[in-house]
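Asks: next input, structure requested:
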Amino acid sequence: MQRGLRWLLLLICLGDVGAAAARDSLWQPGEENATWRSECGACHIAFAPAWLPFADWAHIMGQLREHFGSDASVDARTQQEITDFLQRNSSKEDQAARHTELPRMTRSERFAAKHRSAMRLWQKGKVKSLADCRQCHSGAESPAPKP
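Replies: This next block holds a predicted model:
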């Protein structure tokens, strides 16, 4: 009986580690939110919340009428749902807002370090937009598998 209980506890602990790893994924949030995925993914990939600290997400969510040249306004309930989701799943690295203008993923140091070849292709006109992750990352929008 004790041996079986030990195995059960071990499996539960391993499951918790896997769930924690999924929550810490830079690519996929630890929870799914259909509203975020559909609203933010309507014009571009639904960027993973962990890519920015919440201060930057709050800035973006507060400027939806002027969202990089487009009106991305949503009703108040939808805006609050997405904002709450972003807060729970945003990067915890740096909570200070760093921008006076809307932060762009494609101008971040992380993006530049990882996407040198994409930037060269964009400069040559072979990539339409650096923000269209789907051009190079097939499956980038797929929800994370359930742990």
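Asks: tell me how far the spatially closest residue to P103 that is not a sequence neighbour lies from S90.
Replies: Using Cβ to Cβ, 6 or more residues apart in numbering and skipping the chain neighbours, the partner closest in space to P103 is D56 (4.5 Å). In short, each C-beta sits where N, CA and C put it, glycine included. The gap separating D56 from S90 is 8 Å, by Cβ to Cβ, to the nearest Å.
Asks: what's the answer for R116, then?
Replies: According to Cβ to Cβ, R116 stands 26 Å off from S90.
Asks: on that earlier part again, measure the residue nearest to P103 to L121 for me?
Replies: Counting by Cβ to Cβ - D56 and L121 are separated by 26 Å.
Asks: so between the two, which is more surrounded?
Replies: D56 (23 against 16; other Cβ atoms under 10 Å).
Asks: so after the helix or strand harbouring the more buried one, what's the next helix or strand?
Replies: Per DSSP states H and E: D56 is located in helix 54-61. Remark: after helix 54-61, the chain's next helix or strand is helix 76-89, criterion DSSP H and E.
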